[in-house]
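S.K.: Here is the input, now give the coordinates:
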Amino acid sequence: MSVLITIGVLALVGLWLVAGYNKLVGLRNQVTNGWKQIDVQLKRRHDLIPNLVNTVKGAMEFERDTLEAVIAARNRAAAATGPADAGRREGELNAALGRFFALAEQYPQLTANQNVRALQEELAATENKVGFARQFYNDIATKYNTATQVIPTNIIANFAGFKNAELFEITNEAERVVPTVDLSTRKS
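M.R.: Below is the predicted model:
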């Protein structure tokens, strides 16, 4: 009888280990998926920026430094690896875009240009999608991190080598400034 009880207990412990491991794998895969969703939206954003810069280049030829700063910040952001690095580099890109849009408002021909407005609208829509993707990623990464840290699944996580997921965050307060996109049709 005690052999059956021992086998039963071992079977329950085995089932618990399998269930805990599978839960952690599922959460880790959701974290990976969440990061890929951010990556897709950031790529879309990075693809839009050169089009916007090229569209305004002729009208803003005297603002070459600003245009080059936007492209350089875009290239650094596109080369980011992982959430922490992406957060820092995307913050730099936001600051460069903020300066760009502030200068663009000084050119009435740009604010009246349909292509410029369409690109600004698409960029603004993409910014919203990036924000939603970041929120989803951080929510699922927090759920995964919690599962790897609480008893009893932390035992499985430590044994199987599950590592905490990085959260997407901006650490520099100056980088939190969001570029303002003025889509009004007012003439200066």
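
S.K.: Secondary structure element holding I151?
M.R.: Element membership of I151, judged by DSSP states H and E, is empty: it is in no helix or strand.

S.K.: now it: how far from L119?
M.R.: 52 Å (CB to CB, to the nearest Å). Quick note: C-beta positions are derived from backbone N, CA and C, even for glycine.

S.K.: Please identify which of these two sits among more neighbours.
M.R.: Neighbour comparison, I151 and L119: the larger count goes to L119, with 20 against 6 (by other CB atoms under 10 Å).

S.K.: all helices of this protein, in order?
M.R.: In the chain, the segments counted as helices under DSSP state H are 2-56, 64-78, 82-104, 108-112, 114-149, 153-160.

S.K.: remind me which residues of this protein are low pLDDT?
M.R.: Applying pLDDT under 70 to the chain flags the ranges 62, 170-188.

S.K.: Give me the nearest residue to the residue nearest to the spatial centre of it, chain neighbours excluded.
M.R.: Among the residues of the chain, the one closest to the centroid is I38, at 4.2 Å (CA atoms, centre = their mean). Distances taken as CB to CB, 6 or more residues apart in numbering place A133 nearest to I38, at 4.4 Å, with adjacent residues excluded.

S.K.: Could you verify my assumption that that neighbour touches K36?
M.R.: No - the criterion here is CB atoms under 8 Å, and A133 misses it with K36 at 9.2 Å.

S.K.: more crowded one of those two?
M.R.: The residue with more neighbours, out of A133 and K36, is A133; 20 against 12, by other CB under 10 Å.

S.K.: show me what contacts the more buried one?
M.R.: G34, Q37, I38, V40, Q41 (CB atoms under 8 Å, 6 or more residues apart in numbering).

S.K.: ok, the second one - how many residues close by?
M.R.: It stands for Q37. 17.

S.K.: what's the distance between it and R134?
M.R.: The gap separating Q37 from R134 is 9 Å, by CB to CB.

S.K.: before we move on, back to that, residues contacting the residue nearest to the centre of the chain?
M.R.: The neighbours of I38, taking CB under 8 Å, 6+ apart as the test, are P83, A86, V130, A133, R134, Y137, F168.

S.K.: What's the separation between the fourth one and D139?
M.R.: In this case it means A133. To D139, A133 is 11 Å away according to CB to CB.
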